[in-house]
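1. Structure, please.
(4 chains)
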Protein chains: 2
Amino acid sequence: MEMKKITINDIAKALSVTPSTVSRALAGNTRVSVKTRNLVKEKAREMGYQPNVIAASLRKGKSDTIGMIVPRINRHFFSNVISGVEEILNPAGYNLVICQSGESQLKEEKAVETLLRNQVGGILLSLSLQTQTFDHLQEVIRRQIPLVQFDRIHAGISGSKVINDNYTGAYLATKHLIKAGFKRVAHFAGGRNLKAYQERYMGYVKAMSEAGYELDETLVMDNVITREAGYESLKRLLKKGVADALFCAGDYSALGALEALKEMGINVPDEFGVVGFANEPFAELMYPTLSSVEQNGFEMGNKAAAAMIKCLEGTVVDEETIVPVRLIVRQSSKSE
Amino acid sequence: MEMKKITINDIAKALSVTPSTVSRALAGNTRVSVKTRNLVKEKAREMGYQPNVIAASLRKGKSDTIGMIVPRINRHFFSNVISGVEEILNPAGYNLVICQSGESQLKEEKAVETLLRNQVGGILLSLSLQTQTFDHLQEVIRRQIPLVQFDRIHAGISGSKVINDNYTGAYLATKHLIKAGFKRVAHFAGGRNLKAYQERYMGYVKAMSEAGYELDETLVMDNVITREAGYESLKRLLKKGVADALFCAGDYSALGALEALKEMGINVPDEFGVVGFANEPFAELMYPTLSSVEQNGFEMGNKAAAAMIKCLEGTVVDEETIVPVRLIVRQSSKSE
DNA sequence: CTGAAAGCGCTAACAG
DNA sequence: CTGTTAGCGCTTTCAG
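-> Have a look, this model is predicted:
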């Protein structure tokens, strides 16, 4: 009852030609006559032939599968990046396998290992928050596997990089709060090891100093990414000192902060303004709706995939692409 | 400058043994002495050996890679299922490649084809909304590849299936609206070809008839899944006739309906009650917050992965698992 | 306990 | 334009 899978040998036999001819015909090689080419293709369809890409890539020493590692698949931004990558990669004949690091360095390392074992042709990566050392990436480089980093990148690793214009986004968000009349704008930052968060921090600092406020470190809290952290941190912030507005490096922490503010009876935006980053889908559904900096994940995916294809085709390496962002003003911050 | 990748042959040579021995040692085969086993493993690590799973699966005729096809990766429910699957599959030594069908039959067929070409060991599938014919799945069956369907299943295809208790969820949601005092409860249904939506419809019908309302087809609208469709359909519904409450087969259509209601100045829940299905993250963030039926995606993923492993190990086939659901009452429906 | 040898399905020189 | 041959890296009989 075994379903024997049919190979190029079977179809070669059926046509009294050699496997090579079949292989070439199927690949559309012009060195085989149009006649036999069509004959082979016809027979292949008729016999229900499905190529074994595993065998092909073993032979060729490379595969058309690209690996992609994201912290979490269920973040709006990352799932958009994934779609953006697929939009470019699939038509180009590549396909994608996706891994989640779950924001853990260990799982990120495992994912890299799995992808290498599976002989992927290249790796698209956005670093986990926890990642502090980079030996696993050096291994990718050492093996000459194209590595394209996006969004959460580490500058010390070679290869192409695609990032948002985090600096400008943060600058615009902070400036907007200041213009709206807030005087003491706090900042919930991400990890300092990630360039994306560093730059958001820098943009915040720039806008503040430009407005004549010198940096007050009590207004800045690090590693505040989650909803829970946002909630807790806002309470600690207001206990610790005075602030009348907040620019968050992410929407989840902004959400948590808004919940704490609501609980404390502080009116948003009259008494306290909030702007997030990422423009998660919930931003326009909450009450009050959340102002945020929109990152175009889809476009970033397109760019990252394009960079990957360039590497794969050996055209270039080490280019850095910057994707523009856009401030969306909603209820959580007064309009200027 | 080429980085030669090292194989079992290299480590065999280095140790003056044969590749066979190395292979066995690495696999932990007890037929090779503990001494050489450790020796080989040590050398392997020292030389930075990474097994080529491509070659292994070509040889073995099967792979440890499982393919998974979901309509969209960025739906909260599906991304939870994915995490649930990974939680079981990874520790068991399998790994996962994820494809999106984007609710298109064509892309679903392509995804199946890609997975088959890549010689996956099994396929986990949740059908696209558009899928009407099932030849591509018959092909999977014919090739003896384990197929586990989850959530959006088609009963006519053999293999294990994991579904939510859609019937009970819909029944509870509708009953809740009736108990809260609403008299004419409408229903925005999904496609009739999907069992999940059929059952939600049946649960709705059951609750209505149990309360003494005979089925009024003007209260039911089909294929209303998206936010836009929900918005439009609510307007059409109220133009067409009278309704004072709505049970939606999904949260997105419920969201659209709420937006239409807000626009029309109809108070929720005093004048009109709404309950959704899926408990998307935004349900508790909107204003008013949305009552919904929670599906435990993570648990479904666990169950689906477990069913897959059973098939892979040849234990059973064709079992049907039902995952319980839970009604969460929020502001959009009066409490009883 | 270890070796020799064959082959998974495919591609790519090299010949003709 | 087509065939011959070799081999990608690994596992697995079959012998010892």
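
2. The stretch 201-336 of chain A: helices as residue ranges?
-> In order along the chain, the stretch 201-336 of chain A carries the following helices (DSSP state H, counting those that start in this stretch): A:227-240, A:251-263, A:297-312.

3. starting at the chain centroid, how far to stretch A:29-36?
-> Chain-centre distance of stretch A:29-36: 43 Å, with C-alpha atoms, centre = their mean, to the nearest Å.

4. mind listing what's buried in that stretch?
-> Within stretch A:29-36, the residues that qualify as buried are A:Val32, counting by 16 or more other C-beta atoms under 10 Å in any protein chain shown. (Each C-beta comes from the backbone N, C-alpha and C, glycine too.)

5. Now do that stretch, average pLDDT.
-> Model confidence over stretch A:29-36, given as mean pLDDT, is 87.

6. How about residues contacting it?
-> Contact partners of stretch A:29-36, identified using C-beta atoms under 8 Å, 6 or more residues apart in numbering or on different chains, comprise A:15, A:17, A:21, A:24-25, A:40.

7. Repeat the analysis, applying 6 Å as the threshold.
-> Outside stretch A:29-36, the residues that touch it by C-beta atoms under 6 Å, 6 or more residues apart in numbering or on different chains are A:21, A:24-25.

8. quick one: which of those residues is most hemmed in?
-> The most crowded member of these is A:Ala25, carrying 27 neighbours; neighbours defined as other C-beta atoms under 10 Å in any protein chain shown.

9. does the residue nearest to that residue when sequence neighbours are not counted count as helix, strand or coil?
-> The shortest distance from A:Ala25 to any residue that is not its chain neighbour, by C-beta to C-beta, 6 or more residues apart in numbering or on different chains, is 3.7 Å, and that residue is A:Val40. Classification of A:Val40 into helix, strand or coil gives helix, according to DSSP: H, G, I helix; E, B strand; the rest coil.

10. Who are the contact partners of A:Leu237?
-> Under the criterion of C-beta under 6 Å, 6+ apart, the contact list for A:Leu237 reads A:186, A:243.

11. Distance of it relative to A:Ile178?
-> For A:Leu237, the distance to A:Ile178 (C-beta to C-beta, to the nearest Å) stands at 18 Å.

12. and chain A, which residues reach DNA strand D?
-> Residues of chain A found near DNA strand D (C-beta under 7 Å from any atom of the strand) are A:16-21, A:24, A:30-36, A:55, A:58-59, A:61.

13. one more time with 6 Å
-> Residues of chain A lying close to DNA strand D (C-beta under 6 Å from any atom of the strand) are A:17-18, A:20-21, A:31-33, A:36, A:58-59, A:61.

14. how about the strands of chain A, start to end?
-> Using DSSP state E, the strands of chain A run over residues A:65-70, A:95-100, A:122-125, A:147-150, A:161-164, A:185-188, A:220-221, A:245-248, A:273-278, A:291-295, A:320-323, A:325-328.

15. right, so those strands: which one is the most enclosed?
-> Across these, averaging neighbours per residue (mean count of other C-beta atoms under 10 Å in any protein chain shown) puts strand A:245-248 on top, at a mean of 32.

16. what lines up beside that strand in the sheet?
-> strand A:185-188 (parallel), strand A:273-278 (parallel) (DSSP bridges).

17. which residue sits closest to A:Gly67, ignoring its sequence neighbours?
-> Leaving out its chain neighbours, the residue that sits closest to A:Gly67 by C-beta to C-beta, 6+ apart is A:Leu115, at 3.6 Å.

18. And that neighbour, how close does it get to DNA strand C?
-> Between A:Leu115 and DNA strand C the computed distance is 21 Å (C-beta to the nearest atom of the strand, to the nearest Å).

19. Next, count neighbours for that residue.
-> Count around A:Leu115 with other C-beta under 10 Å applied: 25.

20. Tell me if I'm right that it and A:Met68 touch.
-> No. At 8.8 Å, A:Leu115 and A:Met68 do not qualify as touching, with contact defined as C-beta atoms under 6 Å.

21. shaky segments in chain A?
-> Scanning chain A for pLDDT under 70 picks out the ranges A:1-4, A:316, A:336.

22. what does it put close to chain B?
-> A:3, A:50-51, A:53-55, A:58, A:73-74, A:79, A:95, A:97-98, A:114, A:116-119, A:142-144, A:282, A:285-287 (C-beta under 6 Å from any C-beta of the partner chain).

23. Same list (the strands paired with strand A:245-248) but as JSON lines, adding distance to A:Ala44.
-> Putting the strands paired with strand A:245-248 into JSON lines (distance: least, C-beta to C-beta, whole Å) gives the following:
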{"stretch": "strand A:185-188", "distance to A:Ala44": "58"}
{"stretch": "strand A:273-278", "distance to A:Ala44": "47"}
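
24. Select, out of the ones you listed, the one closest to B:Thr174.
-> strand A:273-278 (36.4 Å; C-beta to C-beta).

25. if we take the contacts of stretch A:29-36, which one ends up nearest to B:Asp244?
-> A:Ala25 (66.6 Å).

26. Contacts only, for the closest one.
-> Counting by C-beta under 6 Å, 6+ apart, A:Ala25 makes contact with A:32, A:36-37, A:40.

27. A:Phe247: which of those is nearest?
-> Sorting the contacts of A:Ala25 by how near they are to A:Phe247, with C-beta to C-beta, puts A:Arg37 at the top with 61.8 Å.

28. How many neighbouring residues does that closest one have?
-> A total of 19 residues lie near A:Arg37 under the criterion other C-beta under 10 Å.

29. Leaving out sequence neighbours, find the closest residue to it.
-> Residue nearest to A:Arg37 in three dimensions, not counting chain neighbours: A:Ala25, with 4.5 Å by C-beta to C-beta, 6+ apart.

30. Distance check, the closest residue in space to A:Ala14 that isn't next to it in sequence against A:Met308.
-> Nearest residue to A:Ala14 in three dimensions, chain neighbours excluded: A:Lys43, at 6.0 Å (C-beta to C-beta, 6+ apart). Summarising the geometry, the distance separating A:Lys43 from A:Met308, computed by C-beta to C-beta, is 35 Å.
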